[in-house]
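1. Kindly generate the corresponding structure for this input.
(2 chains)
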Number of protein chains: 2
Amino acid sequence: MYLIGIDLGGTEIKGGLFKEDGEVLAKQRIKTPVSEGFEGVCQAIYRLVQLLVNAGGIEEKNIKAVGVGIPGVCDGEGMVYSAVNLYWTNVPFGKRLRAITGLEIFVENDATMGAIGESAVGSMKGVKNSVLITLGTGVGGGIIIDHLPYSGSHGLGSELGHMIVGENYYDCNCGSNGCLETFASATALVNYTKKLLQEGQHESILCTKCQEDLDKLEAKDVFDAAKEGDQLAQKAVQRLVKYLAIGVANINNILDPDVIALGGGLSKAGDYLLNLLNNEVEKYIFFKSEKMKCRLAIAELMNDAGIIGAAMLAEKRIQISS
Amino acid sequence: MYLIGIDLGGTEIKGGLFKEDGEVLAKQRIKTPVSEGFEGVCQAIYRLVQLLVNAGGIEEKNIKAVGVGIPGVCDGEGMVYSAVNLYWTNVPFGKRLRAITGLEIFVENDATMGAIGESAVGSMKGVKNSVLITLGTGVGGGIIIDHLPYSGSHGLGSELGHMIVGENYYDCNCGSNGCLETFASATALVNYTKKLLQEGQHESILCTKCQEDLDKLEAKDVFDAAKEGDQLAQKAVQRLVKYLAIGVANINNILDPDVIALGGGLSKAGDYLLNLLNNEVEKYIFFKSEKMKCRLAIAELMNDAGIIGAAMLAEKRIQISS
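-> Next up, the predicted model:
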């Protein structure tokens, strides 16, 4: 029997076919047909399942279960309350996918799926309690408590990006001010760097790079410039690190996990980011003890965390339900 | 067989003798002999146990287990890493109490004990996931996940008072700036009110009350004046409510519990505080849905939450260990 893990994003849908022991047999990705609406996306997911079945040379009836990570908020039945990038509100996603595919379907938030993957075979492996913070276009989170994913009483938990950690010069998309996402996402880093460039108070190698088009600036450019000693870029990175450290310390002071891992695009900054963060977090954690400290880590599975975690969730849930 | 619940505070030690079904048979309290050090406090706890045994008219050999809530950080064995008000660092509290009393001893943070009590028979009864925030001299917290107390991987979790929620004009005792405790404790409310009175920009009925001695000002005075429409007092309360709301919303966005309850001295402000808080929290929670909202409540057990929770923890732990 086989497992399928799907990571449904606003741009593309990634899928993996796995043996029950976690070995990957095939990976496929397709564009997300957002404009075709809820039904179109559900049909696309079924096409992706068929692509994986063909690529793996297996029969569809040998699929044990499918896990799907969604960029939004859902309950245990796969009812999606909100997925902003897909323009979905209150859609019976799990139920519809079950009807179209005839397969066992398990749905969870995508960052939670990432956390399940990291917890099983990545940076959070072997520990009881851990948290994944995904630093991408937005900031997401997945919480593992006692080796199991934790999503709260209504499936609304682990929205770490909307933890308020200070006051910011612009409001978050969610309507609040000061959300971690507005300080520590790739978008936030780029926005703040542009602001500094436009204010023109600092010289920067990014001025030359971006003199044609400031819109081409990416988070990676800012990190690269900071590593090279560019003061404007360092100022922007330091600001991100300060508020990310407050977020990390808050998670530590509330949940005291064994590991907090950083995933998403910004985590590619690797040890450079990790070292800055470790120094800054030290200032904000309540109980300072080397021996009992939560370990900070960079997520290991990168783009595959979502599909691996989704397949593993499917495996666990089918075990529980059978 | 009987259970004993002890609430060890910096000023007094409270104790209760309970039947296994939770019925209280006797309550006693004694002063905490802080100046007599670790050994003196341990001996005092044994005297309190004996007082309870006598008051209940039972025999000591019929005590099944004793739970002790401590104002600090400890591990599952009762090793107390830090209890600031008792001047304790790294003391083998559980081990020493076991040796002195010959009884089964289970130790936990006092706010966690309060949460266990509220979860079993109070404001958080019957729900799966809940959080108690104690608003007293400091701000503490207790987390219940899946009906069980959650203290993290090293016993350092649920330090909700040290969640950073903004920037403040003074630093927290822990060394950080912006801790919830520096905005939302009774101490914080009194400090900020004094600051406003000293700045003298607002008239206030508190000026008359305190003209002899500003040090007599208590949190209750500020709430009473605010309820009467006093603008300075209302300004102070509003500030407390703003940051408490950020703390509550952060807990909600991370843990999505069924209930968040407010305990400690400030919770005596009751519905007045609850109504202000409900309105303010609304601004900061990520996913706004009446149907799936976490309920805010005032803790019900007040001063007895600690001893009830301690007795219940002892009962649960003895069940698990036997």
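
2. Which neighbours in the sheet does the host helix or strand of residue A:64 have, and how are they oriented?
-> In this assignment (DSSP states H and E), residue A:64 forms part of strand A:63-70. Strand pairing for strand A:63-70, using DSSP bridges, gives strand A:2-8 (parallel), strand A:105-109 (parallel).

3. Can I get the longest one in CSV, CA atoms only?
-> Written as CSV, here are the backbone C-alpha positions of strand A:2-8 (Å, rounded to 0.1, in the frame of the first residue of the first chain):
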residue,chain,number,x,y,z
TYR,A,2,1.1,3.6,-0.7
LEU,A,3,0.6,7.1,0.7
ILE,A,4,0.2,10.4,-1.1
GLY,A,5,1.2,13.8,0.3
ILE,A,6,-0.1,16.9,-1.3
ASP,A,7,1.0,20.5,-0.6
LEU,A,8,-1.6,22.9,-2.0
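
4. Next, count neighbours for whichever residue of the stretch 201-322 of chain A sits closest to chain B.
-> Residue of the stretch 201-322 of chain A nearest chain B, by C-beta to the nearest C-beta: residue A:256 (2.4 Å). For every residue, glycine as well, the C-beta is placed using N, CA and C. Residues lying near residue A:256 (other C-beta atoms under 10 Å in any protein chain shown) number 26.

5. Just name whatever secondary elements the helix or strand hosting residue A:96 is in contact with.
-> Per DSSP H and E: residue A:96 is located in helix A:93-101. Here helix A:93-101 is seen to pack against helix A:37-56, strand A:63-70, strand A:105-109 when contacts are counted using 3 or more C-beta pairs under 8 Å, 6 or more residues apart in numbering or on different chains; DSSP states H and E.

6. For the ones you listed, give me a markdown table that also has mean pLDDT and mean neighbour count.
-> Shown next, in a markdown table, are the helices and strands packed on helix A:93-101 (pLDDT from 0 to 100; neighbours: other C-beta atoms under 10 Å in any protein chain shown):
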| stretch | mean pLDDT | mean neighbour count |
| --- | --- | --- |
| helix A:37-56 | 97 | 18 |
| strand A:63-70 | 97 | 26 |
| strand A:105-109 | 96 | 26 |
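
7. could you redo the ones you listed as JSON lines and give each row distance to residue B:18?
-> Shown next, in JSON lines, are these (distance: least, C-beta to C-beta, whole Å):
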{"stretch": "helix A:37-56", "distance to residue B:18": "55"}
{"stretch": "strand A:63-70", "distance to residue B:18": "46"}
{"stretch": "strand A:105-109", "distance to residue B:18": "41"}
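
8. Okay, buried residues for the helix holding residue A:96 please.
-> The neighbour-count check on helix A:93-101 (16 or more other C-beta atoms under 10 Å in any protein chain shown) flags A:93, A:94, A:96, A:97, A:98, A:101 as buried.

9. Do I have it right that the fourth one meets residue A:44?
-> No: the pair residue A:97 and residue A:44 does not pass the contact test of C-beta atoms under 8 Å, sitting 10.9 Å apart.

10. what angle separates the strand holding residue A:64 from helix A:37-56?
-> Counting by axes from the mean of the first three to the mean of the last three C-alpha atoms, to 10 degrees, strand A:63-70 points 130 degrees away from the direction of helix A:37-56.

11. Just the CA trace of strand A:63-70, in CSV.
-> What follows is strand A:63-70, C-alpha atoms only, in CSV (Å, rounded to 0.1, in the frame of the first residue of the first chain):
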residue,chain,number,x,y,z
ILE,A,63,-3.4,4.1,-2.3
LYS,A,64,-4.0,3.8,1.4
ALA,A,65,-4.7,7.5,2.1
VAL,A,66,-4.0,11.0,0.9
GLY,A,67,-2.9,14.0,3.1
VAL,A,68,-3.4,17.5,1.8
GLY,A,69,-1.8,20.6,3.4
ILE,A,70,-3.8,23.8,2.7
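
12. Quick one: distance of it to the chain centre.
-> 17 Å (C-alpha atoms, centre = their mean, to the nearest Å).

13. Likewise for stretch A:72-80?
-> On C-alpha atoms, centre = their mean, the centre of stretch A:72-80 falls 17 Å from that of its chain.

14. now swap in stretch A:311-322 and tell me
-> Centroid displacement of stretch A:311-322 relative to its chain, using C-alpha atoms, centre = their mean, is 21 Å.

15. Next up, the contacts around residue A:89.
-> Listed by C-beta atoms under 8 Å, 6 or more residues apart in numbering or on different chains, the contact partners of residue A:89 are A:81, A:82.

16. cool, and the one 5 residues further on?
-> Going by C-beta under 8 Å, 6+ apart, residue A:94 touches A:68, A:74, A:77, A:78, A:79, A:105, A:106, A:107.

17. Over to residue A:4?
-> Counting by C-beta under 8 Å, 6+ apart, residue A:4 has contacts A:15-18, A:49, A:52, A:63, A:65-67, A:310-311, A:314.

18. From residue A:114, how far out is the closest residue to chain B within the stretch 1-150 of chain A?
-> Closest residue of the stretch 1-150 of chain A to chain B, C-beta to the nearest C-beta: residue A:129 (4.9 Å). Noted for residue A:129: a distance of 16 Å to residue A:114, by C-beta to C-beta, to the nearest Å.

19. For the two, indicate the residue with more neighbours.
-> Neighbour totals were compared for residue A:129 and residue A:114, and residue A:114 leads with 35 against 23 (other C-beta under 10 Å).

20. Please list the outside residues in contact with the helix-or-strand element of chain A with minimal mean pLDDT.
-> None of the helices or strands of chain A scores lower by mean pLDDT, DSSP states H and E than helix A:205-209, at a mean of 82. Applying C-beta under 8 Å, 6+ apart, the contact partners of helix A:205-209 are A:193, A:197, A:217, A:221, A:222, A:225, A:228, A:230, A:232, A:233.

21. Thanks a lot, see you next time.
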